[in-house]
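Colleague: Any chance you can model this:
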Amino acid sequence: MNNQLIKLSVDELTTLMETWGFPRFRAKQVYEWIHKHHCPSVDAMTNVPRAVRDKLAQAFPSQGLSVFDRQISADGTRKYVLRLEDGLLVETVGMPVFKESGLLSRLTVCVSSQVGCPMACSFCATGKEGLGRNLSASEIIQQVSLVQKDFDARVSNVVVMGQGEPFLNYEEVIDALKLMNASDNLNIGARHITISTCGLIDGIHRLSLEHEQFTLAVSLHSAVQETRDQLMPRVSQQPLPLLKKALESYIEKTRRRVSLEYLLIQKVNDSEADLQALIRFCSGLLCHVNLLPMNAVEGAPYQPSSMQTIGHWTNELERHSIEVSMRKSRGSDIAGACGQLKNKLVSRETSHNIQVM
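Modeller: Numbering: from 1, shown residues only. As a prediction, the model looks like this:
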């Protein structure tokens, strides 16, 4: 769906229909097709006359996406590599949670905000490919609606934790999330929508001023400056003391808890000194620490921390009254880490093309 078209209100569509000489009620039909039915293109608007569809297609060229590859994990996770209108590829993940009865309890979609990522985090497969371009609000929303249709179930949660740094594409990401939150669109509660950032301070300040109560997650990965700079070189100019001040200001303005994402990497950021630094960073913050299991990334020298280390960290954080959880690894059997599946497919295609030539 075209990005400009998806952002038009009913009133704006009504004015457009009148300008083109069509009845006013066509605006509501078009609006419902876009926001209620999430149709991929104007051709899918079956009860809208061909003349209206032709005018829409001419004024708002299609910006759709299609499934390039789809894999299903043993745990039910579905990972998609999607081809955009310009041929670029991006990843999306659908993560279901089931009740004991086997019925679906929750469906979370992890969306990408950029093609690739400019942040170059050393543990991330996406960081190795660099930035392609920003995604439009429409391309972000279409990721969610595609997963919803594939599962034939309502999406309950969205996390902007896929490829890209969302605060480097702030306007389009926020526009997309506001549309997802709207009652006449996907109607996903704001508190069930999470934006994950590497810790860009300007973006944190901007988010604190938004009316919607979106959840903020910060990829911390170390509370020791030297170690964090090694792992996340592109945020070295945003030091930890300033990041903590930004989070304190965010919490004061919004009264909302912040999640701190921490990937435990053996002999890199999992020592006792690292743990004590994290405890000091969390002191005075309304926060929740999310310890992450590490997926092996081809070409990266890192190994996951032991279960003994994870248990010790969990116990110590709880002993200091810091909320902590250990995220369960999802989709590890289908290249679950961000960027892995896409990079494997691109590498396979490139290799095949070389052999053919």
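
Colleague: Around the nearest residue to L291 once chain neighbours are set aside, how many other residues sit close by?
Modeller: Leaving aside its chain neighbours, L291 sits nearest to M326 (4.8 Å; criterion: CB to CB, 6 or more residues apart in numbering). To be clear about C-beta, it is placed using only N, CA and C from the backbone, and glycine gets the same treatment. The local packing of M326 (other CB atoms under 10 Å) involves 16 other residues.

Colleague: Check R330 too.
Modeller: 22.

Colleague: Quick one: residues contacting it.
Modeller: 73, 75, 77, 93, 95, 336 (CB atoms under 8 Å, 6 or more residues apart in numbering).

Colleague: how about the residues you listed, which pair is most distant?
Modeller: Spatial extent of the contacts of R330 (CB to CB) is set by the pair D75 and V93 at 11.6 Å.

Colleague: With neighbour numbers in mind, choose between those two.
Modeller: Taking other CB under 10 Å, D75 and V93 do not tie; V93 has more neighbours (25 against 17).

Colleague: Give the partner strands of the helix or strand where L216 lies in its sheet and their orientations.
Modeller: Using DSSP states H and E, the element containing L216 is strand 215-219. Strands that pair with strand 215-219, judged by DSSP bridges, come out as strand 193-197 (parallel), strand 258-263 (parallel).

Colleague: just checking, the residue nearest to L291 touches P293?
Modeller: Yes. When contacts are counted by CB atoms under 8 Å, M326 is listed as touching P293 (7.3 Å).

Colleague: quick one on the thing from earlier: please export the C-alpha coordinates of the strand holding L216 as PDB.
Modeller: Taking Å, rounded to 0.1, in the frame of the first residue of the first chain, the C-alpha atoms of strand 215-219 are listed here in PDB:
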ATOM      1  CA  THR A 215       7.100   0.900  25.700                       C
ATOM      2  CA  LEU A 216      10.800   1.900  25.500                       C
ATOM      3  CA  ALA A 217      13.500  -0.800  25.400                       C
ATOM      4  CA  VAL A 218      17.200   0.100  25.300                       C
ATOM      5  CA  SER A 219      19.900  -2.300  24.000                       C
END
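
Colleague: give me the number of residues near the nearest residue to R24 once chain neighbours are set aside?
Modeller: Nearest residue to R24, sequence neighbours excluded (CB to CB, 6+ apart): T14, at 5.3 Å. Residues lying near T14 (other CB under 10 Å) number 20.

Colleague: which ones are touching N187?
Modeller: Residues near N187 by CB under 8 Å, 6+ apart: N181.

Colleague: part of a helix, is it?
Modeller: No. Counting by DSSP: H, G, I helix; E, B strand; the rest coil, one finds N187 to be coil, located in no helix.

Colleague: got a pLDDT number for it?
Modeller: Looking at N187, its pLDDT stands at 97.

Colleague: any idea how far it is from E32?
Modeller: Distance, N187 to E32, by CB to CB, to the nearest Å: 14 Å.

Colleague: Count the residues that sit near the closest residue to N269 other than its chain neighbours.
Modeller: Sequence neighbours aside, S222 is the residue nearest to N269 in space, at 4.5 Å (criterion: CB to CB, 6+ apart). Neighbours of S222 under the rule other CB under 10 Å: 23.

Colleague: What mean pLDDT does the helix or strand hosting L278 get?
Modeller: In the assignment (DSSP H and E), L278 maps to helix 272-282. Mean per-residue pLDDT for helix 272-282: 98.

Colleague: Can you point out the buried residues in the helix or strand just after it?
Modeller: Remark: after helix 272-282, the chain's next helix or strand is strand 287-292, criterion DSSP H and E. For strand 287-292, a neighbour-count test (16 or more other CB atoms under 10 Å) marks 287-292 as buried.

Colleague: What of stretch 25-42?
Modeller: Neighbour count says stretch 25-42 has 26-27, 29-31, 33-35, 38-42 buried, by 16+ other CB under 10 Å.

Colleague: which residues sit against stretch 210-217?
Modeller: 159, 161, 174, 177-178, 181, 190-197, 204, 207, 250, 254, 256, 258-261, 290.

Colleague: sorry, back to before: which residues do D75 and V93 both contact?
Modeller: Joint contacts of D75 and V93 (CB under 8 Å, 6+ apart) are 330-331.

Colleague: Assign P301 to helix, strand or coil.
Modeller: P301 ends up coil, using three-state DSSP.

Colleague: How about the one 10 residues further on?
Modeller: For G311, the secondary-structure state derived from three-state DSSP is helix.

Colleague: What is the neighbour count of it?
Modeller: G311, neighbours per other CB under 10 Å, totals 11.

Colleague: what does F214 give?
Modeller: F214 has 23 neighbours, counted by other CB under 10 Å.

Colleague: what does L260 give?
Modeller: 25.

Colleague: Report the beta-bridge partners for it.
Modeller: V218, V289.

Colleague: Quickly note the distance from it to S219.
Modeller: Counting by CB to CB - L260 and S219 are separated by 8 Å.

Colleague: Could you do E172 as well?
Modeller: 20 Å.

Colleague: all strands for the stretch 101-250 of the chain, in order.
Modeller: Listed in chain order, the strands of the stretch 101-250 of the chain (DSSP state E, counting those that start in this stretch) span residues 104-110, 114-116, 131-134, 157-160, 193-197, 215-219.

Colleague: The ones you listed: which one's closest to T309?
Modeller: Between T309 and the strands of the stretch 101-250 of the chain, the shortest separation by CB to CB is 19.6 Å, and it involves strand 215-219.

Colleague: now the closest one and strand 287-292, what's the angle there?
Modeller: Between strand 215-219 and strand 287-292, the angle comes out at 50 degrees (axes from the mean of the first three to the mean of the last three CA atoms, to 10 degrees).
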